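>>> Show me the folded form of this:
(chains A, B, C and D)
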Number of protein chains: 4
Amino acid sequence: MIVILEPEITRKSSEFSELMERLSNLPNIQVRLHEEVGVKQTLTELYLIGETAALEQADIEALPGVDRVVRISQEYRVLGRHRDERRPTWFEYNGVRFGQDNLNVFAGLCAVDNPEHVEIMMRTLQEHGQVCTRMGAYKPRTNPYSFQGHGKDCLPYVFELAGKYGIKVIAMEITHDSHMQEIHEALEHTGNPTGVMLQIGTRNTQNFELLKAVGRQTEYPVLLKRGFGITLEESLNAAEYLASEGNRKVVFGLRGMKTNMGDPHRNFVDFAHVPAVKRLTRMPVCIDPSHSVGTRDLGPEGLLDVFHVTAQGVIAGANMILVDFHPNPPKALVDGPQALTLDELPFFLEDVRIAREAYERRRDLAQKFDAEQDKKKGAA
Amino acid sequence: MIVILEPEITRKSSEFSELMERLSNLPNIQVRLHEEVGVKQTLTELYLIGETAALEQADIEALPGVDRVVRISQEYRVLGRHRDERRPTWFEYNGVRFGQDNLNVFAGLCAVDNPEHVEIMMRTLQEHGQVCTRMGAYKPRTNPYSFQGHGKDCLPYVFELAGKYGIKVIAMEITHDSHMQEIHEALEHTGNPTGVMLQIGTRNTQNFELLKAVGRQTEYPVLLKRGFGITLEESLNAAEYLASEGNRKVVFGLRGMKTNMGDPHRNFVDFAHVPAVKRLTRMPVCIDPSHSVGTRDLGPEGLLDVFHVTAQGVIAGANMILVDFHPNPPKALVDGPQALTLDELPFFLEDVRIAREAYERRRDLAQKFDAEQDKKKGAA
Amino acid sequence: MIVILEPEITRKSSEFSELMERLSNLPNIQVRLHEEVGVKQTLTELYLIGETAALEQADIEALPGVDRVVRISQEYRVLGRHRDERRPTWFEYNGVRFGQDNLNVFAGLCAVDNPEHVEIMMRTLQEHGQVCTRMGAYKPRTNPYSFQGHGKDCLPYVFELAGKYGIKVIAMEITHDSHMQEIHEALEHTGNPTGVMLQIGTRNTQNFELLKAVGRQTEYPVLLKRGFGITLEESLNAAEYLASEGNRKVVFGLRGMKTNMGDPHRNFVDFAHVPAVKRLTRMPVCIDPSHSVGTRDLGPEGLLDVFHVTAQGVIAGANMILVDFHPNPPKALVDGPQALTLDELPFFLEDVRIAREAYERRRDLAQKFDAEQDKKKGAA
Amino acid sequence: MIVILEPEITRKSSEFSELMERLSNLPNIQVRLHEEVGVKQTLTELYLIGETAALEQADIEALPGVDRVVRISQEYRVLGRHRDERRPTWFEYNGVRFGQDNLNVFAGLCAVDNPEHVEIMMRTLQEHGQVCTRMGAYKPRTNPYSFQGHGKDCLPYVFELAGKYGIKVIAMEITHDSHMQEIHEALEHTGNPTGVMLQIGTRNTQNFELLKAVGRQTEYPVLLKRGFGITLEESLNAAEYLASEGNRKVVFGLRGMKTNMGDPHRNFVDFAHVPAVKRLTRMPVCIDPSHSVGTRDLGPEGLLDVFHVTAQGVIAGANMILVDFHPNPPKALVDGPQALTLDELPFFLEDVRIAREAYERRRDLAQKFDAEQDKKKGAA
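From the prediction side, this is the model:
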């Protein structure tokens, strides 16, 4: 049960204290506080967990300071869409908006290898008007004897170069809670020249301890990749771990599922789930065409499969794209075969623009159709 | 090994007889004849099967009447794309072109239930400029006690109504070789008012006896659906069965794969394979959004998931769409929950048009990019 | 709804005609007749299909000649186990019993290649006391250019040699309904020296037309292999197709599922489903260790994985084993790498004996435990 | 490349220092030290990682203190079996042997709920001669709002009760590296009354940071569960992470794979992989029948599917069984529906004994057969 407080009530209000006392006395009920801090106002919500079936909705709504109560039947309490839903489907971070209604491209290096490549990448992004990127410092590898990423050692130059070239958000995978502190320290040390979106990879989607730790901080937004061998429902529950601990700034990432039914692609591309995630939750949806496809195979029109599946995600409403580029793919330390070249960046961005425009025309068409249907019903 | 004959050589030429005699004497080699009958000329090919590794390509090319020889390493001999490939990626049937470069919509009834519904469907299609449809007479059902389709009894009225409303091609599933004869007789009996594309469903993708029987006739083109539990390679081999028996007019259909990783969709939508099939073979690619998605769930923009995945297939170059409509979905005998209503037809067609236009712009962009890259290399 | 008639009632009884007339007049109800012909008596059952929810069980039980009525909620009407079930879980064919309580080994050739190999195989089987075998004449192959089996040409010598060496039942895959006639003719022509169990392979599990045709005959029992890419429920429904057409002598075969999660085995071995199939249906369960494992890999104890998975199936109650042997595996035309050698036959049979004995001890233990539990409850 | 030192050489020997210096000077080569501490002697191995292809095996074997050199081509360097392999396939911990040649049962509570249940469980185990158990304190749950385990609070009473009832090893899942310290402290605090085998669950199989942390300690052995959505090879690589950091005392656990092809079982039982893991690596193999099956469904013989799949694992050579019992399953906080009752413990142990005896007879049979084959070859 979600208890949404009146707009003017905050945790410092006297009504708040009174309300909390009342709720705390309910038998077998736990109360968790969530605050959605917006530009103009803060939305305060209380989550009642436990034997809520025994509560009367009207009783709770009658308590002082309560605006309305949403009884939730589905599992995704914080991030889910519920009936009578007016909670936001977007958030802002370091000046960049992440919402179910807009689109950000995160082109960059799968794995940071050296300062030269990082700088070439960042400069090229700036030249093409980009303010986001991906940079991998901590790399989870299947084989223990493979290159494991440069870790915290590369953070200072990555952040400085990001600042130099106007990058506002870097998506960066972490694999242990201590990495958050390392990132925080490196950002502080370099004067906070950029922002970081913490990325949790597909092998850690159900690493619940990491989810809890990341969910407890609200400094950085989170990109949670779908687990490649679990159901969508289970992955959405994993996202809910983040939110249940307090961090609601979560983007959900599709990156392909692990089954040989997806051959000749590296994974089975799952971007048909873009609208499903947007329907079930309030999270913006990211697609990762590079890891889904995993090759540079080319369709007969001269378009790479990576381009094709990107367009497929975007025309169905994807909100973020994570895509591997490299100044010299054959020399990339990780996943070189799937990386795009810097030459291809403007071509890729233009291709994305065409698909996004098509999506927007489709969205307008749906509104027009709905309006016509309403009119027909009105006339009937 | 494919031996492509000179354009003027046909099976009636004297060079042909001579050549066949020579080839027939090669040890451990079988020869199969294929003719690709085009509008202006017939392309005659001979497939050498067996111990071809022992043959010298130059020796065969030196034989009388031989234009060139293609040594094939891949499995899809007839339908595959091979190096130095100039064979066609399209065919024509009853005045309709099916190619890797164009798009046909087959909206219609998953299962024929009664003449009234068939007529309403056909009339609506004509009103919206459509000349193709889908009509299910023979229905393979998981449960033996479910409705199994009206079979041959419904064929006469289906064909007559198709003729009345200008439908040129009906996609119709068959599940036994005897159905071809039934269709042939019903068409003859009604004066051949329309054409039929034989459809082989996902449960029969590896019903090799059916494939051979269907492949031996060339009267009707074939839509082969991908097997929902086998690899893409295995399904492409199944298509090759049709071609190896003589029928090269094959469209390959994607319809979703069977795994709960696709939930909440009925099947795991596999339209990311559209460019892969077009790269590996010369077949036009069909998508079946209705069976892939299997629900009428709606994204937050007011667009059904069926619309979204259709747009995904089309923006990546799909050439044919098989989609379920019904005048009264709740009364449909089969798969009602996924059917679109007739009201939605113009909306659907417009949505497809937007996606197709985006595909064509992407294709043009790729050509422009290639031209630029060539120029750069030329300048360098 | 199953209407079980009194033991003395047959289709020739006057009560039978009267009853059929009454039932035929029920609105929206179809009646199908099933006869389970036993050694001592024939059990006659009527299956009411359609709107049976509207019927009162007591009304039907009051009709003349009716012994009792079983209302069925589950899908497997004929083959399923239902509450208050006393129908048999076994059948006999050509002197061999196939039941949920015994075990038959079908060692033999995956594909018949020549009379010499067939004779060596048959003779070796006889030397080791075997009366069943497997022999593949019609081979469904993924690639159209692979060897497709010798078909009907090999049947005469296969059947004659079987007779010569005392083989009573040959499991033989068919892929088209016409093969039944070919087998029938070859048996007649050779004087019916042996029996045949028709085998339907995993690629035809949902070839419903083949299932119906095979189900309509009751001359030969059927081994239906599970579909390798569909759920168990769907495969059990396929078995029900056979039974719904009249043939209840069906063995259900487990042969591994198609997913790379089963690597390094060729398929994902699914013999844990042996008890599940026996619980859900009345069919004996066959295991196919050769196709499941697909290699001759060896555990560190010197036991092949093929032996290990066989033992796994048997210790859980499997009733039939289909296993590939070959006098000269490297020369086998199909699936040589997985075949056992004739030297290994006595070793294999002894290994099976150990596992079967363990199963029987486990079964006895369960009865003892149940008896003790009952005693405790009685004492309490 | 593995450099195995002479038995008398340890890290304190002067030859050791000299050798290390020589190896450290090799270009692009890293050296890692592994010590296998046995009862009588310590086996010291050096792992050379990097550009080992450039090294001559003979050169390295000629260095002082080197016994022999194994060049490894496969991925599992430490845990794998390599040609000319004489490294041990077992280890000992707290007086209990864990090897590829013996069998230990770990019956116990999936989740610790209260001291009463723990005590009842421990006492019952002692009554039936058991010295190992499973006890879950840290529970990873799909849903953030489910019970997450009592964590470190329950450790003191769990350990004390274990000591009281003679339990020597408790398998206990951990989900964060800090849990190791908590366990260590609780053991110290209670006077080390028992031992702990750290268990890493299927959701953390590729949580590489956890693997590294657990691998760096050698106080506790580790049970690594297979990832339920990744290939066997990937899971074996995860085990290698543990070993590559220094802990070779690893048991590999099979627990079923996540796909609906396993229905009606909760997971697709994968115990056919028991011999495969034993062939590819030197790890003992554990099976988890409770989580694989996930129900108390019963075969027609009166044996639970949990019993059947346990027997399947054991007859193929499984070395450890992790199985859920509960004094009162309906009250269990986690996974009650799959738990066995304490009444069933002696029945279960007897069933396991029958299957293990069958395995041992099969192993003897294999040796006999091998001996016969050798004799035949000798005679020939």
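>>> where do the helices sit along the stretch 151-300 of chain A?
Using DSSP state H, counting those that start in this stretch, the helices assigned to the stretch 151-300 of chain A run over residues A:155-164, A:178-189, A:208-216, A:232-244, A:274-280, A:289-293.
>>> what about A:Thr133, which helix or strand?
strand A:132-135 (DSSP states H and E).
>>> For that strand, give me every contacting residue.
The set of residues external to strand A:132-135 that reach it, using CB atoms under 8 Å, 6 or more residues apart in numbering or on different chains, is A:96, A:104-110, A:112, A:118, A:121-122, A:125, A:158, A:162, A:167-172, A:199, A:322-324. Bear in mind the C-beta positions are built from the backbone N, C-alpha and C, glycine included.
>>> Is it correct that A:Gly105 falls within a strand?
Actually, residue A:105 is Val. It isn't Gly. Yes - A:Val105 forms part of a strand when assessed by DSSP: H, G, I helix; E, B strand; the rest coil.
>>> ok, what's across the strand from it?
A:Ile321 (DSSP bridges).
>>> I'd assumed A:Gln130 was in contact with it.
Yes - if you go by CB atoms under 8 Å, A:Val105 and A:Gln130 touch, sitting 6.4 Å apart.
>>> Who has more neighbours out of those two?
Taking other CB atoms under 10 Å in any protein chain shown, A:Val105 and A:Gln130 do not tie; A:Val105 has more neighbours (25 against 21).
>>> mind listing what the more buried one touches?
Counting by CB under 8 Å, 6+ apart, A:Val105 has contacts A:Gln130, A:Cys132, A:Met320, A:Ile321, A:Val323, A:Leu349, A:Val352.
>>> Closest one of those residues to D:His265?
D:His265 has its nearest neighbour among these in A:Met320, at 37.7 Å by CB to CB.
>>> Check the spacing between the nearest residue to A:Phe252 once chain neighbours are set aside and chain C real quick.
Distances taken as CB to CB, 6 or more residues apart in numbering or on different chains put A:Met283 closest to A:Phe252, at 4.4 Å, once the chain neighbours are dropped. Distance, A:Met283 to chain C, using CB to the nearest CB, to the nearest Å: 29 Å.
>>> my guess is A:Met283 contacts A:Ala239, does it?
Yes - assessed by CB under 8 Å, A:Met283 is found in contact with A:Ala239 at 6.5 Å.
>>> Now do A:Glu234 against chain C, distance only.
Distance of A:Glu234 to chain C, given as CB to the nearest CB: 17 Å.
>>> quick one: contacts for that residue?
A:Gln206, A:Gly227, D:Thr142.
>>> who's in contact with the nearest residue to A:Ala162 once chain neighbours are set aside?
Leaving aside its chain neighbours, A:Ala162 sits nearest to A:Thr194 (3.8 Å; criterion: CB to CB, 6+ apart). Going by CB under 8 Å, 6+ apart, A:Thr194 touches A:Asn94, A:Phe159, A:Ala162, A:Gly163, A:Ile167, A:Lys168, A:Val169, A:Ile170, A:Leu187.
>>> quick one: which of those is nearest to D:Leu254?
The closest of the contacts of A:Thr194 to D:Leu254 turns out to be A:Ile170 (CB to CB; 39.9 Å).
>>> Find me the pLDDT at the closest one, would you?
The model reports A:Ile170 with a pLDDT of 98.
>>> Can you name the residues that contact it?
Neighbours of A:Ile170 in contact, by CB under 8 Å, 6+ apart: A:Gly108, A:Cys132, A:Thr133, A:Arg134, A:Met135, A:Val158, A:Phe159, A:Ala162, A:Thr194, A:Gly195, A:Val196, A:Met197.
>>> and the helix or strand hosting the first one, how far from the chain's centre?
Which is A:Gly108. Using DSSP H and E, A:Gly108 falls within strand A:104-109. Relative to its chain's centre, strand A:104-109 lies at 13 Å (CA atoms, centre = their mean, to the nearest Å).
>>> And for stretch A:341-348?
24 Å.
>>> cool, stretch A:290-310 as well?
23 Å.
>>> go on, stretch A:9-20?
Counting by CA atoms, centre = their mean, stretch A:9-20 comes out at 31 Å from the chain centroid.
>>> in it, what's buried?
Buried residues in stretch A:9-20, counted by 16 or more other CB atoms under 10 Å in any protein chain shown: A:Ile9, A:Ser13, A:Glu15, A:Phe16, A:Leu19.
>>> where does the fourth one fall, phi/psi-wise?
The one in question is A:Phe16. In terms of degrees, to the nearest 10, the main-chain angles of A:Phe16 are phi -60, psi -50.
>>> how about the residues of chain A that lie near chain C?
By the rule CB under 8 Å from any CB of the partner chain, the part of chain A lying against chain C is A:Thr259, A:Asn260.
>>> Tell me which residue lies nearest the centroid of chain A.
Taking CA atoms, centre = their mean as the criterion, A:Val251 is the residue nearest the geometric centre of chain A, at 1.3 Å.
>>> In the stretch 1-150 of chain A, which residue sits nearest chain D?
Nearest to chain D in the stretch 1-150 of chain A, going by CB to the nearest CB, is A:Pro144, at a distance of 4.3 Å.
>>> With chain A instead?
Nearest to chain D in chain A, going by CB to the nearest CB, is A:Gly229, at a distance of 1.4 Å.
>>> so that residue touches A:Arg255, yeah?
No - counting by CB under 8 Å, A:Gly229 stays clear of A:Arg255, with 11.9 Å between them.
>>> residue boundaries of the strands in the stretch 251-380 of chain A?
Shown for the stretch 251-380 of chain A, the strands assigned by DSSP state E, counting those that start in this stretch span residues A:285-287, A:320-324.
>>> hey, which of these is tucked in deepest?
Greatest average neighbour count among the strands of the stretch 251-380 of chain A goes to strand A:285-287 (a mean of 27), per mean count of other CB atoms under 10 Å in any protein chain shown.
>>> give the contact list for A:Arg216.
A:Glu245, A:Gly246, A:Asn247.
>>> burial of the residue of chain A at minimum distance from chain C, as a residue count?
Residue nearest to chain C within chain A (CB to the nearest CB): A:Asn260, separated by 4.0 Å. The number of residues packed near A:Asn260 is 15, by other CB under 10 Å.
>>> that older thread, phi, psi for the residue nearest to A:Ala162 please.
Main-chain dihedrals, A:Thr194, degrees, to the nearest 10: phi -150, psi 180.
>>> for chain D, what are the nearby residues on the stretch 101-250 of chain A?
Listed as neighbours of chain D in the stretch 101-250 of chain A under the rule CB under 8 Å from any CB: A:140-145, A:148, A:175-176, A:203-204, A:206-210, A:227-230, A:234, A:237-238, A:240-241, A:244-245.
>>> Return the distance of the strand holding A:Thr133 from the chain's centre.
Relative to its parent chain, strand A:132-135 has a centroid offset of 13 Å by CA atoms, centre = their mean.
>>> average model confidence for it?
Here strand A:132-135 scores 98 as its mean pLDDT.
>>> and stretch A:69-82, how far apart are its ends?
This stretch, stretch A:69-82, spans 11 Å end to end (CA to CA, to the nearest Å).
>>> Over to stretch A:6-21?
With CA to CA, one end of stretch A:6-21 sits 17 Å from the other.
>>> Give me the residue ranges of the stretch 251-380 of chain A where confidence is low.
For the stretch 251-380 of chain A, residues meeting the criterion pLDDT under 70 lie at A:380.
>>> thinking again about what came up before, and among the helices of the stretch 151-300 of chain A, the most buried is which?
helix A:289-293 (a mean of 27).
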